[in-house]
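>>> what's the 3D shape of this:
(one chain, ligands or ions: 1)
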Amino acid sequence: MGPDWTAFRALFPTLERKAYLASGSYGLLAKPVEAAFRQYLDDRLDRGVDWGGWGARTEAVREGMAALLNGQPDEIAITTSASDGINSLASAIDFAGRRNKVLLSNLEFPTGAQIWHAQAPRGAVVQHVAEAQDGGVPLEHFAAAIDETTKLIQITHVCYRNGQRLDVAAITRLAHERGAMVLLDAFQSVGAMAVDVAALDVDFAVGGMLKYLLGTAGIGWLYVAHKHLGLTPTASGWFAQADIDAMDIFANAPATSARRFQTGTPPVVGSYAAEAAIALIRDTGIAAIETRIRDLTGEAMDRLTAAGCQLATPRDDARRGPQVAVRSTDAPLLTAKLIERGVIVSSRDGNVRAMFHAYNDASDVGALLDGLLAHRELLA
Ligand SMILES: Cc1ncc(COP(=O)(O)O)c(C=O)c1O
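Numbers count the residues shown, from 1 in each chain. The predicted model follows:
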């Protein structure tokens, strides 16, 4: 028997008032996560300071993230954002030799692209892998771009603009055959679908906790496979040290684990929320969550297509994630009209994005459809 989705839905009070379809923007606050935030305030009022307890909480988040990603705790850095993790990783990469090229798919979220472009003064040559007519980036495009100078490829798992999913395992296999490393940006998939770093065989993966993971802004994670723990970030700090309490101002002695990719004081408040949120996702079961989202989004896509909507997201389950992107002639206006009706969506790139979580149900699909059809004149 699978999870009780009615009981799961009841953990999110916002759903009593809204058809919430913006989980890829910010996931809803669950009651256990709200309780974790209150616990932080209680602990502050009670004790003032609790570095021991807060350190243990960061470790619990590290362990929870490792389990969710099918990695090991010593392969996870707890960061303050995805950008924070990508910056630490970039700082560890040497672009001095012949292998100095960074490839980015054109589906990347801007922050990763901007960080790699920022490495140009350090010798990085950044090239983009263009999308095909249908908005996805096929394997052949990577095959044509990856060569003996390619150091690293950043690929998004699910595109934030159109919901297209890349074939991460196949791209990674190709990259490894040609001696390149792969960084997976899993921010738009983690928490909504299985992200198995071991099965995908990616070298690095990055994300945050505020979207489908149901945590909060201000805390993120970076996965660094064991074989890359010899990389030494030049972005560093006391929480990256082998012994945080060493307080040694005469040397940099980074941890042997992925904690070497951390910098300063970890996100204390966020770790309360993230611990509770990751536990909720794991207790519910990521496979069950993925199946439910696939069914809901599949139903939404079929009904939208039957009603004449044009979708930027492919119907093939293997080529999409939790987002359904609907083409519009004026996406910001259509989004505003839907929000006025209590249907919370967002717009990017000419599309209205409906981003589902397992707490959604058929009533949300119906509300989306009714809202879009009430403004047919704004549909592409
Ligand atoms: C796919 C993806 N990557 C990266 C980011 C940026 O993350 P951060 O603000 O934590 O650096 C986002 C934020 O929306 C995202 O959707």
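>>> how far away is residue 253 from the ligand?
Distance from residue 253 to the ligand, counting by Cβ to the nearest ligand atom, to the nearest Å: 28 Å. Quick note: C-beta positions are derived from backbone N, CA and C, even for glycine.
>>> just use 34 as the starting number from now, easier for me
Got it, the first residue is 34 from now on, which makes the last one we talked about residue 286.
>>> Skipping its backbone neighbours, what lies nearest that residue in space?
Among residues not flanking residue 286 along the chain, residue 275 sits closest, at 5.0 Å (Cβ to Cβ, 6 or more residues apart in numbering).
>>> need the contact list for the one you found.
Applying Cβ atoms under 8 Å, 6 or more residues apart in numbering to residue 275 gives the contacts 286, 287, 288, 289.
>>> can you give me phi and psi for the residue of the stretch 184-333 of the chain found nearest the ligand?
Closest to the ligand within the stretch 184-333 of the chain is residue 220: 3.5 Å, counting by Cβ to the nearest ligand atom. When read as degrees, to the nearest 10, the backbone of residue 220 gives phi -60, psi -40.
>>> what about it, how many residues close to it?
Residue 220 sits with 28 neighbouring residues when counted by other Cβ atoms under 10 Å.
>>> so what's it closest to, chain neighbours aside?
Counting by Cβ to Cβ, 6+ apart, the nearest residue to residue 220 once its immediate chain neighbours are dropped is residue 240, at 4.3 Å.
>>> Now that neighbour: which helix or strand?
Following DSSP states H and E, one finds residue 240 within strand 237-241.
>>> packing partners for the helix or strand that comes right after that strand?
Per DSSP H and E, the first helix or strand lying C-terminal to strand 237-241 is strand 253-257. If you count contacts as 3 or more Cβ pairs under 8 Å, 6 or more residues apart in numbering; DSSP states H and E, strand 253-257 packs onto helix 84-102, strand 109-112, helix 115-125, strand 237-241.
>>> Could you check how far residue 72 is from the ligand?
Using Cβ to the nearest ligand atom, we find residue 72 at a distance of 24 Å from the ligand.
>>> And what about the closest residue to that residue other than its chain neighbours, helix, strand or coil?
In space, and not counting its chain neighbours, residue 72 is closest to residue 305: 5.9 Å by Cβ to Cβ, 6+ apart. Following DSSP: H, G, I helix; E, B strand; the rest coil, the label given to residue 305 is helix.
>>> looking at it, residue 305 is touching residue 75, isn't it?
No. Using Cβ atoms under 8 Å, residue 305 is not in contact with residue 75, being 10.3 Å away.
>>> quick one: which of those two has more around it?
Just comparing residue 305 and residue 75: by other Cβ under 10 Å the higher neighbour count belongs to residue 305, 26 against 11.
>>> where's that one relative to residue 312, distance?
11 Å (Cβ to Cβ, to the nearest Å).
>>> If I look at residue 34, what pLDDT would I see?
Residue 34 carries a pLDDT value of 78.
>>> That one: neighbouring residues, count only.
For residue 34, the count of nearby residues is 3 (other Cβ under 10 Å).
>>> State the distance from it to residue 314.
Taken as Cβ to Cβ, the span from residue 34 to residue 314 is 19 Å.
>>> what's the straight distance from one end of stretch 211-225 to the other?
With Cα to Cα, to the nearest Å applied, stretch 211-225 spans 31 Å between its terminal residues.
>>> do stretch 270-287 as well
Taking Cα to Cα as the measure, stretch 270-287 stretches 9 Å from start to finish.
>>> Show me which positions of that stretch end up buried.
Of the residues in stretch 270-287, 271, 272, 273, 274, 287 count as buried by neighbour count, 16 or more other Cβ atoms under 10 Å.
>>> So what does the last one look like in phi/psi?
Right, the one you point to is residue 287. According to degrees, to the nearest 10, residue 287 has phi -70, psi 150.
>>> Over to the one 10 residues further on?
When quoted as degrees, to the nearest 10, the phi and psi of residue 297 stand at phi -100, psi -160.
>>> separation between it and residue 224?
Going from residue 297 to residue 224 by Cβ to Cβ gives 26 Å.
>>> neighbour count winner among those two?
residue 224 (30 against 10).
>>> per-residue pLDDT, the residue lying closest to the more buried one once chain neighbours are set aside?
Excluding its sequence neighbours, the residue lying closest to residue 224 (Cβ to Cβ, 6+ apart) is residue 245, at 3.2 Å. At residue 245, the model reports a pLDDT of 98.
>>> Run through the residues that contact residue 310.
60, 63, 65, 66, 69, 242, 246, 247, 248, 249.
>>> Using the three-state scheme, assign it.
With three-state DSSP as the basis, residue 310 sits in helix.
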